[in-house]
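> My questions are about this predicted structure, shown below with the sequence.
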Amino acid sequence: MLKTFDELTVYQLYQILKLRSAIFVLEQQCLYQDMDDKDQQCYHLMIFEDNQLAAYTRLLPAGLSFKEVSIGRVITNQAFRGRGLARKIMQQSIEACYELFGKQPIRIGAQLYLKDFYGSLGFIQQGEMYLEDDIPHIEMLLAV
């Protein structure tokens, strides 16, 4: 399910913010402001199972986080891990980016431990490792 910020229901927005907080703040123990005023300009891709948000990404237009189109806030609910949802939502996100923004390169800021996963989707590391919230990250680019 793909929606703009204005199309999200209150329930969907609540589920998104709840899951992002559970993963990024609690599970990864990162104290940061998740709501960064970019959501309003993004598309939100959601996979619901059993009326719960199972996986989520946000799709950012070029110039919002990077000069290229970007996919961010990639998460899979702990209760739904091990079912291939991360790959499924990333494949859907790539296709949605092409449909929404035209076929152009997509840049992501990936946690270093996920380099091989994103590499299997065609993303290639760009630049050196950097720390974001004390977690090693790398930029990766999916060329067209």
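Received, thanks. Everything numeric in this text was worked out from a predicted model, so none of it was measured. Numbering: from 1, shown residues only.
> Which positions in the helix or strand hosting residue 117 come out as buried?
In this assignment (DSSP states H and E), residue 117 forms part of helix 115-119. Across helix 115-119, burial judged by 16 or more other C-beta atoms under 10 Å covers 115, 118. C-beta: built from backbone N, CA, C; applies to glycine.
> average pLDDT for that helix?
Across helix 115-119, the average pLDDT comes to 97.
> Helix or strand next in line after it, which one?
Using DSSP H and E, the next helix or strand after helix 115-119 towards the C-terminus is strand 124-132.
> Kindly check the end-to-end length of stretch 26-43 for me.
Start-to-end span of stretch 26-43 (C-alpha to C-alpha, to the nearest Å) is 24 Å.
> what lines up beside the helix or strand hosting residue 57 in the sheet?
Residue 57 is part of strand 52-60 when elements are defined by DSSP H and E. Neighbouring strands of strand 52-60 in its sheet, by DSSP bridges, are strand 43-49 (antiparallel), strand 69-76 (antiparallel).
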